[in-house]
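J.: Predicted model and sequence below, questions to follow.
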Amino acid sequence: MPDIDNAYVKKLRDHFTKLWLPAHGNWQTWHEVYDQKHTIQYAAPANVRKLSIARSKISVMNDILIADKPKVTRKPVKEGKVHEDKADKVENWGKALLAHVMLTGAAIPPFRSGGTFLSLLGYATGVARWDDKVWDANAVKKVARGPGLHKRQEEAAREQAKAFPFVIEFPHPARILLPHQERRPSVGIEIASMYAFQVEQMLDAQGLDASDVHADPFTAMEVVSYWDEKKKGLFVAGQEAEIRDNGYGIVPFTHGFSGFGHEHMPTAGYTNSYGAAVAGSAGPAPEDMAVGLLAGVTDSILALDEMNTALTHLVQLATYTQYFTNENAEELARKMADAGYGGFIHVDGDPARALQPTQIPQMGAWVSEQINRLYRDIDDGTFQGAIAGQSSPNVPTATGQAMQVGQIFLKFGMPLRQLGLMAGELLGFFLRPYDSPAW
């Protein structure tokens, strides 16, 4: 194992960044479509009109992935009522922790974020943290000496028992760099941006020296956390803040893929994610595995937005007709405005030549056929609207609708299991002894 220092972590980060770069490029595309920031082809003076179909698809999938009442199962390690009771306590504790995580903490519920990333990007990363501000292992010992010491120590012990220092987060996967082919990562790097005053608070809470943070309180600083099974490191603005032993011997990150991807066929001259040409594949690359729901339908979504933009413009032209005239255009526009609906307008020349409306092209049935074709392609590449309560004219019976919904749920089986597996691993991290927390 090499020495863990700033140079090594930077080198490993560069390696992971290059490895994940093609996947990150895909994510950027899907984010733009989801956030309706993608570019479409159109001609002025039309205004861009984008539909919410991408966001709607991801939201529906996320609703299916996230359970309001999570189920936690713990098998007894041995036979006997004592072990069964212990397993029951762990189950209740796990349910309470997940319920607490869903209702408190981050502005966006963590598992909601995890489900969104798994649906949109085809990949999600979770992290287990220990909140140093909430838990102080030495709280009872720190009680000031003096009259009523024993009572105050008991009160401190009760408050400590009620503390909930467990934090579960699902950061954006682009900020978490992990070896993609390891089910349980052996090493992980997290990249965050924090204000200088937040960095000082973090270092103080961990008992680290914050005197080197001389920036303006609202200066953004990059914070890099490194974890492997033996060491953990913290680096602020490119400088080492701490490197110490990892007391638990685990990397507190978990990750999961949607299951929509596949390994590309190895061919001669195949270029892997490292940018190197190889004779054959070394296994699936991150971009092969991290495949989101929109991967195969982005072209149809863009085409649908282009048609919606064009048709909206035609409707506006038909409703708010533009006129061509050989009269004084400004004067004629004023006369038309003054006359209002059903009014009379005086023109000096031939009225038939004085006002010529914009010619609106007639659209045939092929336009609606093309729109329907695009909608079908998007549904075929994602899922049918029945899952969101929409009825289909092609499936007129309730039995048919139920069969269609059941078929759609099969598509979500793998991401649903992946999210559950990540939740179980995060809970497992917290089940380790925490009298001397390592995070």
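T.: That came through fine.

J.: now the residue positioned nearest the centre of the chain: how far from Glu190?
T.: Nearest residue to the geometric centre of the chain (C-alpha atoms, centre = their mean): Phe117, 3.0 Å. In this view, Phe117 and Glu190 are 15 Å apart by C-beta to C-beta, to the nearest Å. The C-beta positions use only the backbone N, C-alpha and C, and glycine is treated the same way.

J.: List the buried residues of stretch 15-33.
T.: For stretch 15-33, burial by neighbour count (16 or more other C-beta atoms under 10 Å) applies to Phe16, Leu19, Trp20, Pro22, Ala23, Asn26, Trp27, Trp30, His31, Val33.

J.: In three-state terms, label the third one for me.
T.: Reducing the assignment to helix, strand or coil with DSSP: H, G, I helix; E, B strand; the rest coil, the entry for Trp20 is helix.

J.: Next one, pLDDT for it please.
T.: Listed pLDDT for Trp20 reads 96.

J.: The first one too?
T.: Predicted confidence (pLDDT) for Phe16: 95.

J.: start the count at 364, not 1, going forward
T.: OK, 364 is where the count begins now, so the last one is Phe379.

J.: The residue nearest to it when sequence neighbours are not counted: what's it in contact with?
T.: Leaving out its chain neighbours, the residue that sits closest to Phe379 by C-beta to C-beta, 6 or more residues apart in numbering is Leu540, at 3.7 Å. Leu540 makes contacts with Arg376, Phe379, Thr380, Trp383, Gly551, Ile552, Glu553, Ile554, as judged by C-beta atoms under 8 Å, 6 or more residues apart in numbering.

J.: swap the cut-off to 7 Å and go again
T.: Arg376, Phe379, Thr380, Trp383, Gly551, Ile552 (C-beta atoms under 7 Å, 6 or more residues apart in numbering).

J.: Likewise for Glu669?
T.: Contact partners of Glu669, counting by C-beta under 7 Å, 6+ apart, are Ile403, Gln404, Tyr405.

J.: Name the nearest of these relative to Gly612.
T.: Nearest to Gly612 among the contacts of Glu669: Ile403, at 51.3 Å, using C-beta to C-beta.

J.: Could you check how far the closest one is from Ile708?
T.: 39 Å.

J.: more neighbours, these two?
T.: Ile403 (17 against 13; other C-beta atoms under 10 Å).

J.: in what helix or strand does the residue lying farthest from the centre of the chain lie?
T.: Going by C-alpha atoms, centre = their mean, the residue of the chain most distant from its centre is Asp711, 64.3 Å out. Asp711 is part of no helix or strand when elements are defined by DSSP states H and E.

J.: burial count for the nearest residue to it once chain neighbours are set aside?
T.: Counting by C-beta to C-beta, 6+ apart, Asp711 lies nearest to Glu690, which is 6.7 Å off, once chain neighbours are set aside. Neighbour count of Glu690, defined by other C-beta under 10 Å: 18.

J.: Double-check Glu690 against Ile708; I have them as touching.
T.: No - contact criterion C-beta atoms under 7 Å: Glu690 and Ile708 do not qualify, at 9.7 Å.

J.: how about the strands in the stretch 364-513 of the chain?
T.: Counting by DSSP state E, counting those that start in this stretch, the stretch 364-513 of the chain has strands at residues 486-493.

J.: which intervals of it have sub-threshold pLDDT?
T.: 364, 430-433, 456, 465-469, 495-507, 511 (pLDDT under 70).

J.: at 50 instead, please
T.: For the stretch 364-513 of the chain, not a single residue meets the criterion pLDDT under 50.

J.: One more: the stretch 514-663 of the chain?
T.: For the stretch 514-663 of the chain, applying pLDDT under 50 flags no range at all.

J.: Would you map the helices across it?
T.: 559-568, 649-652, 661-682 (DSSP state H, counting those that start in this stretch).
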